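Colleague: The following block contains a protein sequence and its predicted model.
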Amino acid sequence: MSTLDSLPILPDDLQGAPIVLSPSAPVSTPSSASNPTPSSANPTPGFPVSPPPPAHEPHDSTENDPPRDEIRRDEMRRDTGENRSDAPSSKTDPRKSTNPARAKALWSDSPEPRDVSAQPVSHRKCDEPGQSDEPDRAADLTGGKHLGVQQLFGGEHLTEDQQGSGEAAQTELFETNPPPWELAVEDDVLLASIVFSRSPHGPYDYRIPDSLREELKPGMRVGVPLGHRKKPTPGWCVAVKEGKAVHRKLRDVAECIDESPLCDASLVRLVMWMSHYYQVPAGQVFDTLIPSSVRTAAGTKQTTYFTPAKQVTDAEIEKLPAKQQAVMRFLVSSNRPMTSAELAVAAKCTEDPIRRLKKKNLIVPEVRREMHSGIRILAQTNDGEAERTHELTEQQTAALERITAAVDSGRGRTLLLHGVTGSGKTEVYIRAIEHVVSQAGSAIVMVPEISLTPQTRGRFESRFPAVAVLHSQMSPSERHFQWQRIRRGEVQVVIGPRSAVFAPLPNLGLIVLDEEHDTSFKQDSQPRYHARKVAHARAMSLGVPLLLGSATPSMEAWHATQSGHAELISMPDRVAGRPMPDVQLVDLRVRDDRAGGGAISRPLKQAVDETLREKGQAILLLNRRGFATTIQCPACGHVVACPDCDMPLTHHRDGGKAMCHYCDYTIGTPPWCPACRFDGIRYGGLGTQKLEVEAKAKFPDAKIARMDGDTMKRPGSHQRVLSEFRSGEIDILLGTQMIAKGLDFPNVLLVGVINADSALHFPDFRAAERTFQLVTQVAGRTGRGDRGGRVIVQTFTPEHPAIQAASRHDYFKFVEEEMVNRRKFNYPPLGSVARIIIRGPVEEKTEDVADSILTRLESARDLLKSEVRILGPAPPPIVRLRGKYRFHLLLQATESAVVGEVIRRALADFKTDPKEEIEYLIDIDPVNLL
Ligand SMILES: Nc1ncnc2c1ncn2[C@@H]1O[C@H](COP(=O)(O)OP(=O)(O)OP(=O)(O)O)[C@@H](O)[C@H]1O
Ligand SMILES: [Zn+2]
């Protein structure tokens, strides 16, 4: 494999480095072929290859440039003009295999070098602490030869020996021998490299006609001819470059779809990095980055405005019929473009005279796209909490100083704010952002969608005049409207879930990821990106700090602080000298405590009673929605399961439904056993609905509300329940993990965890971490006022280290022990994992495909001489999902670059038979292993 991949992961290789898809690459033409050729097509042997010119893409790096002495231009590849090809034909040079000393993974989560070999990139180091500087590494940075990368990055240069060695893996995409009539010699053409969200994905090169020279920029959508399609196909321009010595006839870009780029240069770079790292076509990444509401210009309409034609004279106007004259005079005197309706009103006429003037070319129409005036922005109210500025505690002050120093340093670096629950992290974020804003900068704050509560919004909205809150319940026009505001630079702070990482803020000065351990930051559909990783890439590329915050940092973030790739800032104490709440473990194996078979143990019942007597409030956590989690026949043992997923159905009391929580398959709950007709079918397992019934029976005088995926479907339901809880109308709030995060209610005197083991026995190496986080987080919801608070944790395994550590609020003990486990198996953050899921309708065929993927992975690994452990293929815990059989493979190595490379190498040209409907998905750094 390429030595490039043995570099320490280089988040900075994005930093300030314009990606220039090499401008003078041999260019392919999608012209007549139905399979167009990629920009990076294997050049026809013998064609001269010129070294790439310097980066020329306009780039706004000046504002964010680190101090001069921190910039170290890694002249790698650029001036040596050496090979940065990843032509499929390339062979691996074993001498270039991984150098483990160098290859020390940063934290598994930090962005790694895009296939730098594939791109002429000017490198700037970001001087993250601990990052080794290896100035003369450039010397041995010869060819990264990555199959598949050419699909992502255009126009690479091949060295002569590569040009000769033609294994041409993707033959059908390459026109190695263009027909002679396609040969044309053109010099000095301007080319656009275009990618597509649908197959074929490109990139392909197109000529930019003179008429579009000024207009067309990277980050814009264009329409281009593709294959034999009649209409222009929309694609994204990823680079504009000068083509010299072009040897093929190119087709022209037909049109620009956007008036101005939807992505600036740095976002285009981010797209290319994501495309490479997550192994997803760049066109699809663009579609993720730019919401569909923006692409379709939701909430806008086209309006035609008229202006007088330049050459009209008074004499001409005088000769016109009276009505037309009136219109003309009005338009001339108004001195601004007007719509036909406005003109008709002003000139007191119908629209007919206006049409006539247009026909005579005396007035000129201009079509503009405008927002509808009446876009409904959800009321920006909070839940009744009055937010005030606090005088910072010592720990907050110290934390803030370090963050503002990082902002002022103008360097890309990662900070982890580890502050216990209730230590006042939000106040620190706000102050840090105030600092950024005072320098005309802006910030992104990402929070798990669920903690995008009115409270969080309120805190930011009361402190900044221009906040954009992004959430999943926005209408398309609202989303589009906010996006435009953000892009115009009218917004200081963007708050939102993971997709907020793409917010097109012009002067981004800080990215905050609150509750950085939260799994919702990983997208579980293509592209399967993690917001932490993408935020890191974006921050490093812009030279701005990334601030991670959590009371229970992920193992990845923690490891980064230990290995010197992130700076640790600690706030070990709660504000106002409040103590951490006492945690009492209730051993559910002790029969006496279980009291009558319900979910609420005797000690918990007592504690709730006391709390209610003291007029305090309680939170009860049960991490399963529904009523009963299994429906089983006691006579024959039959379990009612989803026909498409082979998972047991959950019984929901409302409506008497049995539902699959994996695919939403729903039937009426059968009154008798579908297998043996026995009519005493039993509901087993416990869900939040059942808990609610039990709680209502046990605490008849209390007002109880349930918060889970089922009750929170309607927009605004969150806000309603939370404001009722704040005002004291609700005494007991019970629900799933939704209630475990971020809430800050001083009157919560008790938190009860119904079953702390629920996540513990998942077949997932992160099970203990999840359990620790969940218990610690929910425990942190109490003791946030002057009246203190306590926690009762029910568990069948009170001795489990994760539960023990959580009960003592002992994060350090937990990480220490957990890190030992991870190290034993080389699991993240000590190693890197990728997962490949293969799914299809026929089990054997799916398994066959999985086996052939394994074979390819193994030979890629052997070829690259890399140390990657490959596990599987095996059926994952969910064997069948939505009617598809599933198999998965896990790849493990110390460095993520190596894992990525093996997959890229193995699967670049892998195609499954479309008739068999078998798909495979690549999940880099998977979070979900089900
Ligand atoms: N310096 C301060 N003095 C007094 N109160 C403060 C101070 N800073 C923050 N607070 C208050 O402390 C409470 C907890 O703060 P915040 O919600 O930011 O904690 P947190 O660290 O984010 O906790 P969690 O991780 O549990 O969400 C809030 O009510 C906040 O208004
Ligand atoms: Zn199902």
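Modeller: Thanks, I have the structure now. If you're wondering where the values come from, they're calculated on a predicted model, not measured in any experiment. Ligands and ions are numbered 1, 2, ... in the order given.

Colleague: Flag every residue of the stretch 651-800 of the chain that's near ligand 2.
Modeller: Within the stretch 651-800 of the chain, the residues that sit near ligand 2 (C-beta under 5 Å from the ion) are Cys660, Tyr662, Cys663, Tyr665. Every residue, glycine included, has its C-beta placed from N, CA and C.

Colleague: Can you give me the neighbour number for the third one?
Modeller: To tie it back to what came earlier, the one meant is Cys663. 16 (other C-beta atoms under 10 Å).

Colleague: can you confirm it is in a helix?
Modeller: No. Looking at Cys663 with DSSP: H, G, I helix; E, B strand; the rest coil, it is coil, so not inside a helix.

Colleague: And it, how close does it get to ligand 1?
Modeller: Computed as C-beta to the nearest ligand atom, to the nearest Å, the Cys663 to ligand 1 distance reads 33 Å.

Colleague: what do you get for the second one?
Modeller: Look at Tyr662 and ligand 1: by C-beta to the nearest ligand atom, they are 30 Å apart.

Colleague: before we move on, what about Leu417?
Modeller: Distance check for Leu417 against ligand 1: by C-beta to the nearest ligand atom, it reads 9 Å.

Colleague: and if you look at Arg295?
Modeller: 35 Å.

Colleague: ok so, going back, return the entry from the residues of the stretch 651-800 of the chain next to ligand 2 with the maximum number of neighbours.
Modeller: Neighbour counts for those (other C-beta under 10 Å) peak at Cys660, which has 21 neighbours.

Colleague: got the contact list for that one?
Modeller: Neighbour list for Cys660: Cys642, Asp644, Cys645, Met647, Leu649, Thr650, Thr666 [criterion: C-beta atoms under 8 Å, 6 or more residues apart in numbering].

Colleague: which ones are touching the residue lying closest to the second one once chain neighbours are set aside?
Modeller: Counting by C-beta to C-beta, 6 or more residues apart in numbering, Gly883 is the residue found nearest to Asp644 once chain neighbours are left out, at 4.3 Å. Shown in contact with Gly883 (C-beta under 8 Å, 6+ apart): Pro643, Asp644, Cys645, Pro841.

Colleague: Look at the second one and give its secondary structure.
Modeller: Spelled out, it's Asp644. coil.

Colleague: what pLDDT does it get?
Modeller: pLDDT, Asp644: 82.

Colleague: tally of neighbours for it?
Modeller: Neighbours of Asp644 (other C-beta under 10 Å): 16.

Colleague: Quick check, it in contact with Asp664.
Modeller: No. Between Asp644 and Asp664 there is no contact under C-beta atoms under 8 Å: 10.0 Å.

Colleague: circling back to that earlier point, from the residues of the stretch 651-800 of the chain next to ligand 2, which two are the most distant?
Modeller: Greatest spatial distance among these (C-beta to C-beta): Tyr662 and Tyr665, at 8.3 Å.

Colleague: which residues are common contacts for the two?
Modeller: Taking C-beta under 8 Å, 6+ apart as the contact rule, Tyr662 and Tyr665 both touch Cys642, Cys645.

Colleague: For the stretch 801-930 of the chain, just list every one of the strands.
Modeller: Using DSSP state E, counting those that start in this stretch, the strands found in the stretch 801-930 of the chain span residues 832-840, 869-874, 880-881, 884-893, 919-924.

Colleague: measure Phe765 to Arg822 for me?
Modeller: The gap separating Phe765 from Arg822 is 7 Å, by C-beta to C-beta, to the nearest Å.

Colleague: Looking at the two now, which is surrounded by more residues?
Modeller: Each of Phe765 and Arg822 has its neighbours counted (other C-beta under 10 Å); Arg822 has more, 20 against 16.

Colleague: Now the residue in the stretch 451-600 of the chain positioned nearest to ligand 1. Nearest residue, chain neighbours left out?
Modeller: Using C-beta to the nearest ligand atom, the single residue of the stretch 451-600 of the chain nearest to ligand 1 is Val575, 3.9 Å away. Nearest non-adjacent residue to Val575, counting by C-beta to C-beta, 6+ apart: Gly424, 4.4 Å away.

Colleague: quick one: low-confidence parts of the stretch 201-350 of the chain?
Modeller: For the stretch 201-350 of the chain, the stretches with pLDDT under 70 are 244-248.

Colleague: mind listing the strands for it?
Modeller: Per DSSP E, counting those that start in this stretch, the stretch 201-350 of the chain carries strands over the ranges 204-207, 221-224, 233-243, 246-248, 255-256, 300-308, 338-339.

Colleague: Quick one: list the elements packing against the last one.
Modeller: Read it as strand 338-339. The contact analysis (3 or more C-beta pairs under 8 Å, 6 or more residues apart in numbering; DSSP states H and E) places strand 338-339 against strand 300-308.

Colleague: So which elements touch the strand it packs on?
Modeller: Strand 300-308 sits against helix 322-334, strand 338-339, helix 340-346, strand 363-371, with contacts defined as 3+ C-beta pairs under 8 Å, 6+ apart.

Colleague: between that strand and strand 363-371, how big is the angle?
Modeller: 150 degrees (axes from the mean of the first three to the mean of the last three C-alpha atoms, to 10 degrees).

Colleague: Restrict strand 300-308 to CA atoms and write it as PDB.
Modeller: C-alpha atoms of strand 300-308 as PDB (Å, rounded to 0.1, in the frame of the first residue of the first chain):
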ATOM      1  CA  THR A 300     -39.800  30.000  -3.400                       C
ATOM      2  CA  LYS A 301     -41.600  31.100  -6.400                       C
ATOM      3  CA  GLN A 302     -40.500  32.600  -9.700                       C
ATOM      4  CA  THR A 303     -41.600  36.100 -10.300                       C
ATOM      5  CA  THR A 304     -41.200  38.100 -13.600                       C
ATOM      6  CA  TYR A 305     -40.100  41.700 -13.200                       C
ATOM      7  CA  PHE A 306     -40.000  44.300 -16.000                       C
ATOM      8  CA  THR A 307     -37.700  47.100 -16.700                       C
ATOM      9  CA  PRO A 308     -37.900  49.500 -19.600                       C
END
